[in-house]
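S.K.: Return a 3D structure for these sequence lines:
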Amino acid sequence: MRKVVIIGSGGAGKSTLARKLSAIAGLELYHLDRLFWQPGWTSISKEELGEKVKAIVATENWIIDGNYSGTMDLRMEAADTIIYLDLPTIVCLWGIMKRWLMYRNRMRPDMTEGCSEKIDLEFFNWVLTFKRRNRKNILARLKKYAEGRNIVVLRNRSQVNRFIDKLDSSFNGSAI
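M.R.: The predicted structure is shown next:
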């Protein structure tokens, strides 16, 4: 495990999982939200994000968490491990509410300075409809990129925790 992509709905726990895996495996961690958003919730262009992602995937090891479909194929093609957090919508909605309560009026660790935690109707609706709009496409991409890659689909918090525990207990100081 040297090049890891983590995808899933907002509130699924992508960034938390990414931080834990980075600590276990010693891999450089990149949050797509931090790359895409500038202070005041101003976005960079999709082309600029694509260039940043190209530079990252060209490096020797990394974990990239986030969706951003415009760079998903680029990341999946370069990855040796793809983790899809396919958690129930209600769990993801609870995740964004919990995150908002924890970080409201502050910046969370995986965000750009100057982007205080917020929930607006657009984001809530994006999480609410994520599975219905994206799951079929994500599963097709996982199938497309399955050969030669470790594909991990985790469907609940218990599976996520067991996955982390298993990696943590089996890690021996070299790349997993």
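
S.K.: Can you show me the helices along the protein?
M.R.: Here the chain has its helices, by DSSP state H, at 14-25, 32-36, 46-57, 69-78, 89-103, 121-144, 157-170.

S.K.: May I have the last one as CSV, with CA atoms only?
M.R.: In other words, helix 157-170. Extracted in CSV, the C-alpha atoms of helix 157-170 (Å, rounded to 0.1, in the frame of the first residue of the first chain):
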residue,chain,number,x,y,z
ARG,A,157,-18.2,2.2,10.8
SER,A,158,-17.5,-1.2,12.3
GLN,A,159,-15.9,-2.4,9.1
VAL,A,160,-13.9,0.8,8.9
ASN,A,161,-12.6,0.3,12.5
ARG,A,162,-11.7,-3.4,11.8
PHE,A,163,-9.9,-2.4,8.6
ILE,A,164,-7.8,0.2,10.6
ASP,A,165,-7.1,-2.2,13.4
LYS,A,166,-6.1,-5.0,11.0
LEU,A,167,-3.6,-2.6,9.2
ASP,A,168,-2.3,-1.3,12.5
SER,A,169,-1.7,-4.7,14.0
SER,A,170,-0.1,-6.1,10.8
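
S.K.: List the buried residues of that helix.
M.R.: 160, 163, 164 (16 or more other CB atoms under 10 Å). All C-beta spots, glycine's among them, are computed from the backbone N, C-alpha and C.

S.K.: Helix 89-103 and that one, what's the angle between them?
M.R.: Per axes from the mean of the first three to the mean of the last three CA atoms, to 10 degrees, the angle that helix 157-170 makes with helix 89-103 is 70 degrees.

S.K.: so what does helix 157-170 touch, helix or strand wise?
M.R.: With contacts taken as 3 or more CB pairs under 8 Å, 6 or more residues apart in numbering; DSSP states H and E, helix 157-170 sits against helix 14-25, strand 150-154.

S.K.: Identify whichever of those lies nearest to residue 91.
M.R.: Closest approach to residue 91 among the helices and strands packed on helix 157-170 (CB to CB): strand 150-154, 11.3 Å.
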